[in-house]
Structure formats: C-alpha cells, structure tokens
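Asks: would you be able to build a 3D model of this:
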Amino acid sequence: VKNPRVWIPPVVASAITGPIATCVFKMEMNGAAVSSGMGTCGLVGQIGVISGWFDPSAVAVEHGAAALAPGAFNWLGLILVCFVLPGLISWGLGLLLRKAGWIKERDLLLS
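Replies: Numbering: from 1, shown residues only. Sure thing, here's the model as predicted:
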C-alpha cells in the first residue's frame, strides 16, 4: 500500500456507523451468515439484512429472531448506515486529511 493513511476515512466511518446501526436503528444480521461483514460489496450485506427481515436464518430463529415487516424506520436506517453516512463521513474526513497533507492526490491510484 502506497499510503496506509487512505484507510483512515473508511475505518472511522465504520467505527461511527456500526454503533448507530445497532444502538439507534437496532439493526441485526438475521440473514445468512455469509452476508455478514460484506458491506456494500455487491450489496451482499444489505441483501442479507433484508432477507433476515423477511426470512431469518435457522440460527437466527434459534436465538430469538422472528420475521418482521420492515417499516420506514428500518429502511431509513439501512440507507443511512450503509450508504449515506459512510459516504459523507469518508468524504469529509478525506478532505481534512488532504488539507493536513496526510493523503495526497495520487495515493488512491492503482498502478
């Protein structure tokens, strides 16, 4: 990695949005375990959350999960935590790190 400081914005975004997802929006991963930790990679994480709303996995049911009809609050949480907040936090922190000189113009380019 040319400059490992480029990881700071997305890591900080994850550290902020994780607690918001669980504490504010009460989001749980009740879908297939393979969907956990995938983030927005092919929307696998989001599809796992959505499928867990409608049809929780057997393991989730064993731990007390039940199907639910997601409301506006659930959808708002999913959109904010998975797309809007990480984008805004990463972008804003990236700007600050560029102004501080920690991230330079060509640090994100692949050779």
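Asks: surely Leu78 touches Gly52?
Replies: No - assessed by CB atoms under 8 Å, Leu78 is found out of contact with Gly52, at 11.2 Å. Yep, even glycine has a C-beta here, placed from its N, CA and C like the rest.
Asks: hey, what's in contact with both of those two?
Replies: Overlap of the contact sets of Leu78 and Gly52 (by CB atoms under 8 Å, 6 or more residues apart in numbering) is empty.
Asks: excluding chain neighbours, what is closest to Asn102?
Replies: One thing to correct before we go on: residue 102 is Trp, not Asn. Of all residues not flanking Trp102 in the chain, Arg5 sits nearest, at 4.7 Å (CB to CB, 6 or more residues apart in numbering).
Asks: measure that neighbour to Leu110 for me?
Replies: 17 Å (CB to CB, to the nearest Å).
Asks: who touches the residue nearest the centre of the chain in this structure?
Replies: Centroid-nearest residue in the chain, with CA atoms, centre = their mean: Cys82, separated by 4.2 Å. Contacts for Cys82 were tallied using CB under 8 Å, 6+ apart; they are 39-40, 45-46.
Asks: quick check: longest helix of this structure.
Replies: For the chain, the helix with the greatest residue count under DSSP state H is helix 85-99.
Asks: next one: that helix to chain centre, how far?
Replies: Between the centre of helix 85-99 and the centre of its chain there are 15 Å (CA atoms, centre = their mean, to the nearest Å).
Asks: Leu76: neighbour count?
Replies: Burial of Leu76, expressed as a neighbour count using other CB atoms under 10 Å, amounts to 12.
Asks: wait, Pro19
Replies: By other CB under 10 Å, the residues close to Pro19 number 9.
Asks: mind listing what's buried in stretch 41-53?
Replies: 44-46, 48-53 (16 or more other CB atoms under 10 Å).
Asks: all helices of the chain, in order?
Replies: Under DSSP H, the chain gives helices at 8-19, 44-54, 58-62, 72-79, 85-99.
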